[in-house]
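Peer 1: how would this look folded up:
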Amino acid sequence: MELTSLLGAIIVASAAAIMLARYKGEYAFFVSIAAGIGVFLYLLGILTDSFFTLRNIVEEAGLDTKYFTVILKALGVCLITGFIADACRDAGQQALASRAELAGRCAVFIISLPLLEQILSTAAELIK
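Peer 2: Below you'll find the model as predicted:
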């Protein structure tokens with residue numbers, strides 16, 4: 001039921017942005033951004049409980065939570081980067097959208113460096 005309400009709100013915001021675009025294009029952009037932020041925050045609130053549950057499962061399994069944290073950080077960077085890139089595209093700024101995506105990729109690489117280091121050290125131990 002929550003998904004249908006969310007999708008309905010997205011359709012209403014989209015229709016409002018389309019109607020505003022005919023008369024005041026700059027307002028349509030702001031409606032689109034506001035709706036996007038609202039959806040993002042709504043989904044973040046829903047997913048927070050799921051992330052805590054998943055983290056508890058990881059801890060109970062005896063796994064190291066730092067790997068789980070790396071994955072969640074990378075997921076967060078990907079979601080935020082995608083949102084920003086889409087907002088740039090909506091504003092007609094293709095070059096800025098591409099740069100935002102590049103920055104997101106670099107951030108994911110930097111976040112995943114400890115995980116990569118662990119994988120390489122494990123591989124080096126297996127080779128010896």
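Peer 1: helix, strand, or coil at residue 62?
Peer 2: What DSSP: H, G, I helix; E, B strand; the rest coil gives for residue 62 is coil.
Peer 1: what residue ranges in the chain are flagged as low confidence?
Peer 2: The model of the chain has pLDDT under 70 over residues 1.
Peer 1: now the most centrally placed residue in the chain, nearest residue through space, not along the chain?
Peer 2: In the chain, the centroid-proximal residue (C-alpha atoms, centre = their mean) is residue 79; its distance is 1.0 Å. Once flanking residues are discounted, residue 79 sits nearest to residue 40: 7.6 Å by C-beta to C-beta, 6 or more residues apart in numbering. To be clear about C-beta, it is placed using only N, CA and C from the backbone, and glycine gets the same treatment.
Peer 1: residue 36 and residue 83 touch, don't they?
Peer 2: Yes - the pair residue 36 / residue 83 is scored as a contact, 6.2 Å apart, by C-beta atoms under 8 Å.
Peer 1: ok, back up a step: in which helix or strand would I find the residue nearest to residue 79?
Peer 2: Per DSSP states H and E: residue 40 is located in helix 25-60.
Peer 1: relative to residue 35, how far out is residue 8?
Peer 2: 12 Å (C-beta to C-beta, to the nearest Å).
Peer 1: between these two, who's got more neighbours?
Peer 2: Applying other C-beta atoms under 10 Å to residue 8 and residue 35 shows that residue 35 carries more neighbours, namely 17 against 10.
Peer 1: output the contacting helices and strands for the helix holding residue 40.
Peer 2: helix 2-23, helix 65-90 (3 or more C-beta pairs under 8 Å, 6 or more residues apart in numbering; DSSP states H and E).
Peer 1: so which of the ones you listed comes closest to residue 104?
Peer 2: Closest of the helices and strands packed on helix 25-60 to residue 104 is helix 65-90, at 2.9 Å (criterion: C-beta to C-beta).
Peer 1: okay then, goodbye and thanks.
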